[in-house]
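Visitor: Next come a sequence and a model predicted from it.
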Amino acid sequence: MKIGTDITVVSRIESSINKFGDKFLNKFLTKDEQKISKRVESIAGYWAAKEAVAKALGCGIGAELGFHDIILYKDKKNAPHFKLSNKAQKYHNIKNSSLSIAHDGGFAIAVVVIN
């Protein structure tokens, strides 16, 4: 079992959106992810989620695993989940996983557990 966590300041993400707009969003979110993350708190949570996944996998964001290799989605109950791109699946064998995202008080946090 592996665990990854990340916390980010929502205002830092908001500043990047204001400064760089779609260029910033396109850097780490797919078009589908952008459609389901309308509020800046949700976007900050998605940033934290992708960082937490990379930490749980032990490789960080880089050549082996990019932001777009971690695909976030929600189920029918609006709970967050992730899957890896075909490229990333070659390097990381995930049998089971769990993702939790929360935001409050100007912070967004994500925790990932991978088996």
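Guide: Everything's here; your move. Only a predicted model underlies this, so the values are computations on that prediction, with no experimental measurement involved.

Visitor: Tally up the residues packed near Pro80, please.
Guide: 19 (other C-beta atoms under 10 Å). The C-beta positions use only the backbone N, C-alpha and C, and glycine is treated the same way.

Visitor: got the contact list for it?
Guide: Contacts of Pro80 were listed using C-beta atoms under 8 Å, 6 or more residues apart in numbering, and they are 45, 49, 72-74, 99-101.

Visitor: one more time with 6 Å
Guide: 74, 99, 101 (C-beta atoms under 6 Å, 6 or more residues apart in numbering).

Visitor: for it, which residues make a bridge with it?
Guide: Beta bridges link Pro80 to Lys74, judged by DSSP bridges.

Visitor: Would you point out which residue is most central in the chain?
Guide: Lys50 (2.6 Å; C-alpha atoms, centre = their mean).

Visitor: With adjacent residues omitted, what lies nearest to that residue?
Guide: With C-beta to C-beta, 6 or more residues apart in numbering as the criterion, Lys50 has its nearest non-adjacent residue at 4.7 Å, and that residue is Ile70.

Visitor: returning to what we had before: of the contacts of Pro80, which is the most crowded?
Guide: Neighbour-wise, the contacts of Pro80 (other C-beta under 10 Å) top out at Ile101, 22 neighbours.

Visitor: Surely that one is in contact with Tyr46?
Guide: No. The pair Ile101 / Tyr46 is not scored as a contact, 7.5 Å apart, by C-beta atoms under 6 Å.

Visitor: is it fair to say His92 lies in a strand?
Guide: No. Secondary structure of His92 (DSSP: H, G, I helix; E, B strand; the rest coil): coil, not part of a strand.

Visitor: could you measure it against Lys74, distance?
Guide: 22 Å (C-beta to C-beta, to the nearest Å).

Visitor: now Val111
Guide: Taking C-beta to C-beta, one finds Val111 at 16 Å from Lys74.
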